[in-house]
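Q: predicted model and sequence follow; I will ask about them next.
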Number of protein chains: 2
Amino acid sequence: MPKTTFLNLDKEKKDRVINSALAFFSEKPYEQVMISDIIKKAKIPRGSFYQYFEDKEDLYLYLLKLIQETKLEFLGPTLQNIANLSFLQLTRKLFEEGVKFALARPIHVKILDLLLKNKNEIYQKVLAESMQMAETIYANLIDQDKEKGLIRKDIDTHIFARMILELTSNIAIDELDINNPEASFKRMLEKNDKILQIIEYGVKEG
Amino acid sequence: MPKTTFLNLDKEKKDRVINSALAFFSEKPYEQVMISDIIKKAKIPRGSFYQYFEDKEDLYLYLLKLIQETKLEFLGPTLQNIANLSFLQLTRKLFEEGVKFALARPIHVKILDLLLKNKNEIYQKVLAESMQMAETIYANLIDQDKEKGLIRKDIDTHIFARMILELTSNIAIDELDINNPEASFKRMLEKNDKILQIIEYGVKEG
DNA sequence: ATTTAATATGACAAGGTTGTCACATTATAG
DNA sequence: CTATAATGTGACAACCTTGTCATATTAAAT
């Protein structure tokens, strides 16, 4: 956690630091981001940085917390209305919301994407558990839908859950084009639909 | 390319350098691997390194070439007998061969995996084009199978090709366990089958 | 045996990064 | 209007990493 000195800073300066850090952590993996670059872009002296944060990890974990908060806030309304959805409906919803979030907060999404791909020490520390939990939740929903006769019982629950998790996290980022958000959005939603169609009905004729 | 000095080296020393480099490049992304570490592990003096290679990139590109050769050699027999396979049969075959290769050459696979995830300058230089080409080939095969009535015509060819490419590259590495190759192998093949089943028939009941 | 070419070595300069610290500046309290 | 606490600063030590180069050492050629 940042020291209180940082939290007491006026918003402008705080934002300068946060935005500078977000920019770098969205461009390179954690290990390759340099404190020197962050303070240079944020225009704060080296000494100040260490007055605000313990070290790079301290700052990074703080950013992740901010990102998580932003995402939860963003997903809030959606999460209110998922109780009656089937797993596939939920997946479609989350795909959609994922796209929306990626367009609204591309930097945040890039940071999460890098962390997801990197599987470094910090990933183990902060994401591994959540991913495991998400998988379990998905698995339970899938099993429920099997009981309801919505999903074939011979499907491997665990693997299906993993597939969905992998596809949800990877697909959004590729097609993202900040310069053309509307087109981007449409394209990504279409892609989502097509992927889900394959998963629902398969590709085999007849 | 390495300088002739390196190529003329006796096999033992050459292998020491290559294996040391392979070890590091399979553990960390290219940018985070340090020449210092490689020469230390290979037990060659700093000066020698620069007598053998231009720089880190020179060495890395050389390793990638070796890996590619190994892989092509490995896949050779398989590639002889794919002419009459449907796209899905081919996919199954390549999944299988991918698993076998990952077990036979886990270090190589890890290096390729890191490169695939990183999308850095070197990726653009050596892999981007191949990936594009693979996608095109897949797309053609899919279209052919649509004509033959094997794949539903309403499936989006491009996206289906991408999905398969993504799944083939990501799945193999996760479950890999060097300590228990046979169990690993069996588990991974089963996983492959289950994924392919979802892709062929979909998950939806009825 | 001598000369010439090829290799091997490791000290070193140049450049970069991190974390600290003594000191300057500003805010707060008495 | 001090005195005390909180912040702001940037020079600096300690540590790395890269690429080079003058100097051995070894091999090949004459």
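A: Received the coordinates, thanks.

Q: hey, let's count contacts and neighbours off CA atoms from now on
A: OK.

Q: quick one: list the elements packing against the worst-scoring helix or strand of chain A on mean pLDDT.
A: Least confident helix or strand, chain A: helix A:157-174 with a mean of 81, by mean pLDDT, DSSP states H and E. Judged by 3 or more C-alpha pairs under 8 Å, 6 or more residues apart in numbering or on different chains; DSSP states H and E, the packing partners of helix A:157-174 are helix A:87-104, helix A:106-118, helix A:128-147, helix B:181-201.

Q: select, out of these, the one closest to DNA strand C.
A: Closest approach to DNA strand C among the helices and strands packed on helix A:157-174 is made by helix A:106-118 (17.6 Å; C-alpha to the nearest atom of the strand).

Q: quick one: the next helix or strand along the chain from the closest one to chain centroid distance?
A: Scanning forward in sequence from helix A:106-118 by DSSP states H and E, the next helix or strand is helix A:121-126. On the basis of C-alpha atoms, centre = their mean, to the nearest Å, helix A:121-126 sits 15 Å off its chain's mean C-alpha point.

Q: got it, and stretch A:125-138?
A: The answer for stretch A:125-138 is 12 Å, by C-alpha atoms, centre = their mean.

Q: and stretch A:39-54, by the same measure?
A: On C-alpha atoms, centre = their mean, the centre of stretch A:39-54 falls 27 Å from the chain's centre.

Q: check whether it comes near DNA strand D.
A: Yes: applying C-alpha under 7 Å from any atom of the strand, one finds stretch A:39-54 touching DNA strand D at A:44, A:45, A:46, A:47, A:48, A:51.

Q: now the angle from the longest helix belonging to chain A to helix A:87-104?
A: Looking across chain A with DSSP state H, the single longest helix is helix A:56-80. In terms of direction (axes from the mean of the first three to the mean of the last three C-alpha atoms, to 10 degrees), helix A:56-80 departs from helix A:87-104 by 130 degrees.

Q: in helix A:56-80, what counts as buried?
A: For helix A:56-80, burial by neighbour count (16 or more other C-alpha atoms under 10 Å in any protein chain shown) applies to A:56, A:59, A:60, A:61, A:62, A:63, A:64, A:67, A:71, A:74, A:75.

Q: circling back to that earlier point, and the contacts of the least confident helix or strand of chain A?
A: A:91, A:95, A:98-99, A:102, A:109-110, A:113, A:135, A:138-139, A:142-143, A:188, B:191, B:194-195, B:198 (C-alpha atoms under 8 Å, 6 or more residues apart in numbering or on different chains).

Q: go on, stretch A:183-202?
A: By C-alpha under 8 Å, 6+ apart, stretch A:183-202 touches A:88, A:92, A:95-96, A:99-100, A:103, A:172, A:175-178, B:155-156, B:159-160, B:163, B:198-204.

Q: just the buried ones from those?
A: A:88, A:92, A:95-96, A:99-100, A:103, A:172, A:176, B:155-156, B:159-160, B:163, B:198-204.

Q: for stretch A:120-130, buried residues please.
A: Buried residues in stretch A:120-130 (16+ other C-alpha under 10 Å): A:123, A:127.

Q: so how far is that stretch from its chain's centroid?
A: On C-alpha atoms, centre = their mean, the centre of stretch A:120-130 falls 13 Å from the chain's centre.

Q: span of that stretch from start to end?
A: Stretch A:120-130 has an end-to-end distance of 15 Å (C-alpha to C-alpha, to the nearest Å).

Q: anything in it near chain B?
A: No: on the criterion C-alpha under 8 Å from any C-alpha of the partner chain, stretch A:120-130 is out of touch with chain B, staying 9.4 Å away.

Q: what does chain A have sitting close to chain B?
A: A:31-32, A:117, A:149-152, A:155-156, A:159-160, A:163, A:191, A:194-195, A:198-206.

Q: if we go to 6 Å?
A: A:150, A:151, A:152, A:199, A:200, A:201, A:202, A:203, A:204, A:205 (C-alpha under 6 Å from any C-alpha of the partner chain).

Q: any idea which of these is closest to DNA strand C?
A: Nearest member of the residues of chain A next to chain B to DNA strand C, counting by C-alpha to the nearest atom of the strand, is residue A:199, at 44.0 Å.

Q: any idea how far residue A:159 is from residue B:197?
A: With C-alpha to C-alpha as the criterion, residue A:159 and residue B:197 are 11 Å apart.

Q: next one: residue A:183
A: Residue A:183 is 33 Å from residue B:197, where distance means C-alpha to C-alpha.

Q: including pLDDT and distance to DNA strand C, could the buried residues of helix A:56-80 go into JSON lines?
A: Formatted as JSON lines, the buried residues of helix A:56-80 follow (pLDDT from 0 to 100; distance: C-alpha to the nearest atom of the strand, whole Å):
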{"residue": "A:56", "pLDDT": "98", "distance to DNA strand C": "6"}
{"residue": "A:59", "pLDDT": "98", "distance to DNA strand C": "10"}
{"residue": "A:60", "pLDDT": "98", "distance to DNA strand C": "12"}
{"residue": "A:61", "pLDDT": "98", "distance to DNA strand C": "14"}
{"residue": "A:62", "pLDDT": "98", "distance to DNA strand C": "15"}
{"residue": "A:63", "pLDDT": "98", "distance to DNA strand C": "16"}
{"residue": "A:64", "pLDDT": "98", "distance to DNA strand C": "18"}
{"residue": "A:67", "pLDDT": "97", "distance to DNA strand C": "22"}
{"residue": "A:71", "pLDDT": "95", "distance to DNA strand C": "28"}
{"residue": "A:74", "pLDDT": "96", "distance to DNA strand C": "32"}
{"residue": "A:75", "pLDDT": "94", "distance to DNA strand C": "34"}
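
Q: widest-spaced pair of those residues?
A: A:56 and A:75 (28.4 Å; C-alpha to C-alpha).

Q: please tell me how far residue A:22 sits from residue A:59.
A: Counting by C-alpha to C-alpha - residue A:22 and residue A:59 are separated by 10 Å.

Q: with residue A:102 instead?
A: As judged by C-alpha to C-alpha, residue A:102 and residue A:59 stand 22 Å apart.
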